[in-house]
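K.L.:
pasting the structure only:
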């Protein structure tokens, strides 16, 4: 509920901004924070309600919204901007984002968590009125700092950083998120640069989103029926994302560009869906929220590079081919920890 309020308030205040700095502050501290909390909490709540099989299918169905947003929002936002201006478009987008608050109010914790909470309350013990007095040891400052460090480690669950399973999922998710941002930024400029119009580029994105919807549901259904292993599908999906970058310089016709866009977007959507399943399966539902939070933090840290690296390479080479090949190499490198884990098994 609070996250939805942040998102809604962020868009409303952005529509009233008169300076670029104000827009940046509202987007970073309101919209981004609210969206980040909503993403982590909804996925961890979904994991708490279902087992691994059920979560695979539920997550795939939930991912339909991502595909529909690629289909609906570009023309919808263009209509809002043309009719009401950018300020009116921000207000309307804020009203659309307010549904997160309603969804949070309707969300009910699973019965198992409510039982656990009641058992914890019943297990309280009464403390004595008096406790023995202890003299403060002024010579040992570290002794007073240690409990604080232990508490911080427990709150942020820093022990996740020591596990290979976390880094397997984190490296794949962070790399794919970086490449997703780069593709979103440079797909249309690259398509226009080879001779297509903006309208044709929009149609290509729509076709790719339709493929993403179908492939994500099929992949989730395959995991749900246990016909394939999650790690096997993840390996294939990450490889296909890299292949889409590698072959991009040779796609020049309408059909080849559309097919490559469909390959990238559908494989990318499947990677994100499978990454959430791997978090639940490898790390557990108890640490799922912390793991997703850390993955989101790491992704947000590197995502600014998505605009810088391809743009810098384009300025120095005059084309997007080398930039996309480098992104593909980064994507395939993310498979190394997963391959090591599978070889050990």
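P.N.:
Thanks, I have the structure now. Only a predicted model underlies this, so the values are computations on that prediction, with no experimental measurement involved.

K.L.:
which ones are touching residue 302?
P.N.:
For residue 302, the contacting residues are 174, 177, 178, by Cβ atoms under 8 Å, 6 or more residues apart in numbering. The C-beta positions use only the backbone N, C-alpha and C, and glycine is treated the same way.

K.L.:
quick check: it vs residue 178, distance?
P.N.:
As for residue 302, its distance to residue 178 is 5 Å (criterion: Cβ to Cβ, to the nearest Å).

K.L.:
same check, this time on residue 47
P.N.:
Distance, residue 47 to residue 178, by Cβ to Cβ: 24 Å.

K.L.:
out of the two, name the residue with the larger neighbour count.
P.N.:
residue 47 (27 against 21; other Cβ atoms under 10 Å).

K.L.:
contact partners for the more buried one?
P.N.:
55, 276, 279, 280, 285, 288.

K.L.:
can you tell me which of these lies nearest to residue 193?
P.N.:
Residue 193 has its nearest neighbour among the contacts of residue 47 in residue 276, at 34.9 Å by Cβ to Cβ.

K.L.:
so the closest one touches residue 291, yeah?
P.N.:
No - using Cβ atoms under 8 Å, residue 276 makes no contact with residue 291, being 9.8 Å away.

K.L.:
identify the contacts common to the two.
P.N.:
Listed contacts common to residue 276 and residue 291 are nil; contacts here mean Cβ under 8 Å, 6+ apart.

K.L.:
which SS class is the residue nearest to residue 181 when sequence neighbours are not counted?
P.N.:
With sequence-adjacent residues excluded and distances taken as Cβ to Cβ, 6 or more residues apart in numbering, residue 181 is closest to residue 306, at 3.5 Å. Here residue 306 is recorded as helix under DSSP: H, G, I helix; E, B strand; the rest coil.

K.L.:
distance of residue 306 from residue 323?
P.N.:
11 Å.

K.L.:
same question for residue 39.
P.N.:
From residue 39 to residue 323 the distance is 28 Å (Cβ to Cβ).

K.L.:
same check, this time on residue 234
P.N.:
Taking Cβ to Cβ, one finds residue 234 at 25 Å from residue 323.

K.L.:
equivalent analysis for residue 338, please.
P.N.:
Applying Cβ to Cβ to residue 338 and residue 323 gives a distance of 25 Å.

K.L.:
can you pull out the low-pLDDT segments for the stretch 101-250 of the chain?
P.N.:
109-144, 146-155 (pLDDT under 70).

K.L.:
mind listing the helices for it?
P.N.:
Secondary structure of the stretch 101-250 of the chain (DSSP state H, counting those that start in this stretch): helices at 111-122, 141-156, 164-193, 198-224, 230-246.

K.L.:
quick check: which of these is nearest to residue 82?
P.N.:
helix 198-224 (13.8 Å).

K.L.:
and the closest one, which residues are buried?
P.N.:
201, 204-213, 215-217, 219-220, 222-224 (16 or more other Cβ atoms under 10 Å).

K.L.:
ok, now how distant is the residue nearest the centre of the chain from residue 29?
P.N.:
Taking Cα atoms, centre = their mean, the centroid of the chain lies closest to residue 296, which sits 6.1 Å from it. Look at residue 296 and residue 29: by Cβ to Cβ, they are 16 Å apart.

K.L.:
repeat for residue 293
P.N.:
Going from residue 293 to residue 29 by Cβ to Cβ gives 17 Å.

K.L.:
more crowded one of those two?
P.N.:
residue 293 (19 against 13).

K.L.:
quick one: pLDDT of the closest residue to that one other than its chain neighbours?
P.N.:
In space, and not counting its chain neighbours, residue 293 is closest to residue 40: 5.0 Å by Cβ to Cβ, 6+ apart. You'll see residue 40 listed with a pLDDT of 84.
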